[in-house]
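Trainee: after the sequence you'll find the predicted model.
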Amino acid sequence: MEKYLNVSIKEIIGKFPEVGRILEEYKIGCVPCTLGSCLLKDVVGIHNLPADQEAQLLYRIEKAIYPKRNVKRPEGKALTCKAPVGNIKYSPPIKRLVDEHIVIKQWLELIPSVLEEIDIESEAGMRWISDSLDFVRFYADKFHHAKEEDILFGYTDKNLDIIKTILRDHETARGHVKATSEAVKSKDKEAIVQHLSAYKDLLKEHIKKEDEILYPWIDRGLSTRQVGELFAKFDEAEARIDKGMIEQCEKFAHEAEEKVRKIKKRRQQNEW
């Protein structure tokens, strides 16, 4: 089993498909990952399962690889997987990124309603979509993603699949924003719906990966000195950005939510 800990997870799943199914039970999404170069030991380490679940996971993987081997079964626990219980505790700089996710998610949750309730073929509707794209470009990308790419990821091994996946998500998201912007100019409603919907689906999963897997993993590797250093670097980066624009973006997300709520309420009243 020792030799397989240092083999890429994609190669292992290719030889032993059952390993992929086992990982999915533990909410470890290696099967759909198009990179797959993470070593098995890194996959286990990054996800930081409780000790009993990690023992169960490795036991089941070893049995899948060596079905005829007499592998010692972990004692005292049923071989089932349960989601971790309790809130994740983040260091102050990482918590700042998580809080920014809350603002971004506030807007993401509105996208289906915006596409359904807003007349995106009208001048006002198109203007509102354009304002939304400005929010995404500035807050989600220039303000939030830039701190990750320019600062946070410098504390990691950028050759790891999890970092490559996150960076690829950022580029894909930028592609959807660009395509939506072009669709707004040409008033292509179908393309607007397609790319905004794809952006929402991508970012929701992206944020989940960061909040539940990436950030806790990075936090575990930071020393007290590095936490303070990271906090200071975030402060320096944010000092170079217009604070008024940040506040305006946060206000926009809140007002957008309220606007959609009023539109839905008005339409419901008209139906009555």
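Mentor: Sure, I can see it.

Trainee: low-confidence regions, the chain specifically.
Mentor: Along the chain, segments meeting pLDDT under 70 span 29-37, 75-86, 267-272.

Trainee: could you list the domains of it?
Mentor: Residue ranges for the domains of the chain, per automatic domain parsing: 2-65, 92-271.

Trainee: what are the contacting residues of the host helix or strand of Val114?
Mentor: If you go by DSSP states H and E, Val114 is part of helix 111-117. Contacts to helix 111-117, defined as Cβ atoms under 8 Å, 6 or more residues apart in numbering, come from residues 120, 128-129, 132, 192-193, 196-197, 199-200, 256, 260, 263-264, 267. C-beta coordinates here come from the backbone N, C-alpha and C atoms, glycine included.

Trainee: go again with 7 Å.
Mentor: With Cβ atoms under 7 Å, 6 or more residues apart in numbering as the test, helix 111-117 has contacts from 193, 196-197, 200, 260, 263-264, 267.

Trainee: same thing with stretch 202-214?
Mentor: Taking Cβ under 7 Å, 6+ apart as the rule, stretch 202-214 contacts 46-47, 98, 101, 104-105, 108, 162, 166, 169, 172-173.

Trainee: same thing with stretch 253-272?
Mentor: Residues contacting stretch 253-272 (Cβ under 7 Å, 6+ apart): 103, 106-107, 110, 113-114, 117, 135.

Trainee: okay, buried residues for it please.
Mentor: Neighbour-count burial for stretch 253-272 flags 253, 256, 259-260, 263 (criterion: 16 or more other Cβ atoms under 10 Å).

Trainee: surely Ile88 is in a helix?
Mentor: No: assignment of Ile88 by DSSP: H, G, I helix; E, B strand; the rest coil gives coil, placing it outside any helix.

Trainee: quick check: closest non-adjacent residue to it.
Mentor: Leaving aside its sequence neighbours, Ile88 sits nearest to Pro216 (Cβ to Cβ, 6 or more residues apart in numbering; 5.6 Å).

Trainee: returning to that earlier point: and the contacts of helix 111-117, which is closest to Asp157?
Mentor: Using Cβ to Cβ, Lys200 is the member of these that lies nearest Asp157, at 30.2 Å.

Trainee: now do the closest one against Leu110, distance only.
Mentor: 9 Å (Cβ to Cβ, to the nearest Å).

Trainee: can you get me the start-to-end distance on stretch 156-167?
Mentor: Between the start and the finish of stretch 156-167 there is a gap of 13 Å, counting by Cα to Cα, to the nearest Å.

Trainee: please renumber so the chain begins at 480
Mentor: Got it, the first residue is 480 from now on, which makes the last one we talked about stretch 635-646.

Trainee: only the buried residues of it, if you could.
Mentor: 639-645.

Trainee: just stretch 519-533 next, same as before
Mentor: 519, 521-523, 525-526, 528, 532-533.

Trainee: identify the farthest-apart pair in these.
Mentor: Asp521 and Gln532 (17.1 Å).

Trainee: neighbours of His674, how many?
Mentor: Here the count is done by other Cβ atoms under 10 Å, and His674 has 20 residues near it.

Trainee: ok, it - contacts?
Mentor: So His674 contacts 655, 658-659, 662 (Cβ under 7 Å, 6+ apart).

Trainee: out of the residues you listed, which is most surrounded?
Mentor: Thr659 (24 neighbours).

Trainee: roughly how far apart are it and Glu596?
Mentor: 17 Å.

Trainee: so Lys584 sits in a strand?
Mentor: No: counting by three-state DSSP, Lys584 is not found in a strand; it is helix.
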